[in-house]
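Student: here you go, sequence then predicted model.
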Amino acid sequence: MSSQKEVFAQVVSLLKPFVKSPEALSNVTMETSILKDLKVNSARLVDVVLEIEDTFGIAVKDDDADKVKTVGDAVNLILAAKG
Amino acid sequence: MRVGDDVVDLDDPFIARTHERPRWLGRVLAESELAALRASRDPKTLLWSFFAAKEAAYKIAAKCRNPPPFAHRQFVVAPELRQIRYGKIVFDLVVEVEGACVHAVASTGVGARVAGIGIVEEGRDSGEVARRRLCQDVARHLRCAENTLGVVRTPSPERWDGFSPPILERDGRPSGVDISLTHDGRFVGFAAGVRKSD
């Protein structure tokens, strides 16, 4: 089973191509807002969800995807899906 | 009248081939929209017209006290791009394409819709440009001085960006004119729903 730290590092890594200002990734925490702080727009957020599905081998439901506001939300969603 | 709007810059290289990605499309579009895209001679513009319409309609839904979760597929755009449906709710829709700019305005209720787009010059703040354009056009519609109008947002921790939807004030008080602001790439968009009595 992956630890929270490992999943966090993978999430930060997969976010890189979708972040408009890469320097914003240097101070990412679990509380960092993907939309507001990293300026990932809603179209790119769809790509992020697809990347999460591919990277972690999980299926993300629409309702769960809508709850992903912060990096921590994504990490917790993945940990919950992987049990 | 309630309004929501969204703008898309078609020249963003990031979205150049999105209309050719089945998984992305399947996540965002309803079956009827996928069929329309397959039949379209300009699937890229149609995709982003659908997408902007969904975002615009959701902005209205998000103004409710308890906003529903946002799943793009559940907002279904009618083939002629004149309406968008969410469950039993039907929003009126106007989608305009000018060059590389797609601007969608969704609305509910009775009133006059004031909407437009603007180009953001390099170094300018897109939010400021959008607010300015909105105030200019609404002031013209209401026949009042532009400097009597102002856009405010109040802190709202539960919202994704920490603020409530924008409110248009007139002489420092809520104007009753529902508004929406948007930006993407080089473009800003704005919309206002003006009551007949205004």
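Tutor: Yep, that arrived. The shown structure was predicted, so the numbers you read here are calculated from the model rather than taken from an experiment.
Student: quick one, strands of the chain?
Tutor: You didn't say which chain, so I picked chain A. In chain order, chain A shows no strands, with DSSP state E as the criterion.
Student: was after chain B, sorry
Tutor: Using DSSP E, strands in chain B cover B:2-9, B:75-77, B:83-86, B:89-98, B:101-108, B:112-119, B:149-152, B:167-170, B:173-174, B:178-184, B:187-194.
Student: tell me the strands beside the last one, with direction?
Tutor: Strands adjacent to strand B:187-194 in the sheet, as given by DSSP bridges, are strand B:112-119 (antiparallel), strand B:178-184 (antiparallel).
Student: residues making contact with the first one?
Tutor: Residues external to strand B:112-119 that are found in contact with it (CB atoms under 8 Å, 6 or more residues apart in numbering or on different chains): B:1, B:3, B:5, B:7, B:94, B:96, B:98, B:101, B:103, B:105, B:107, B:129-130, B:133, B:137-138, B:141, B:186-194, B:196. C-beta here means a position set from N, CA and C on the backbone, and glycine is covered the same way.
Student: for the shortest one, same thing?
Tutor: With CB under 8 Å, 6+ apart as the contact definition, strand B:178-184 has outside contacts at A:41, B:1-9, B:12, B:55-56, B:59, B:63, B:105, B:120, B:126-127, B:129-131, B:134, B:138, B:151, B:165-168, B:188-193.
Student: now, of those, which are buried?
Tutor: Among these, those classed as buried by 16 or more other CB atoms under 10 Å in any protein chain shown are A:41, B:1-9, B:12, B:55-56, B:59, B:105, B:120, B:126, B:129-131, B:134, B:138, B:151, B:165-168, B:188-193.
Student: up against chain A, what does chain B have?
Tutor: With CB under 8 Å from any CB of the partner chain as the criterion, chain B meets chain A at residues B:8, B:14-15, B:18, B:23-24, B:27-28, B:51, B:55, B:69-74, B:160-162, B:184.
Student: and the residue of chain B found nearest chain A, how many neighbours?
Tutor: Per CB to the nearest CB, residue B:71 is where chain B lies closest to chain A, at 3.5 Å. Close neighbours of residue B:71, defined as other CB atoms under 10 Å in any protein chain shown, add up to 17.
Student: ok, now the one 10 residues further on?
Tutor: Residue B:81 sits with 19 neighbouring residues when counted by other CB under 10 Å.
Student: and for residue A:37?
Tutor: Under the neighbour criterion other CB under 10 Å, residue A:37 is assigned a count of 19.
Student: so what's it closest to, chain neighbours aside?
Tutor: Nearest non-adjacent residue to residue A:37, counting by CB to CB, 6 or more residues apart in numbering or on different chains: residue A:24, 6.2 Å away.
Student: as PDB, could you dump the C-alpha coordinates of stretch B:55-64?
Tutor: Written as PDB, here are the backbone C-alpha positions of stretch B:55-64 (Å, rounded to 0.1, in the frame of the first residue of the first chain):
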ATOM      1  CA  GLU B  55     -19.500  26.000 -17.400                       C
ATOM      2  CA  ALA B  56     -21.800  29.000 -17.900                       C
ATOM      3  CA  ALA B  57     -24.900  27.000 -16.700                       C
ATOM      4  CA  TYR B  58     -23.100  25.700 -13.800                       C
ATOM      5  CA  LYS B  59     -22.200  29.200 -12.700                       C
ATOM      6  CA  ILE B  60     -26.000  29.800 -12.300                       C
ATOM      7  CA  ALA B  61     -26.500  26.500 -10.400                       C
ATOM      8  CA  ALA B  62     -23.500  27.400  -8.100                       C
ATOM      9  CA  LYS B  63     -25.300  30.500  -7.000                       C
ATOM     10  CA  CYS B  64     -27.800  28.400  -5.100                       C
END
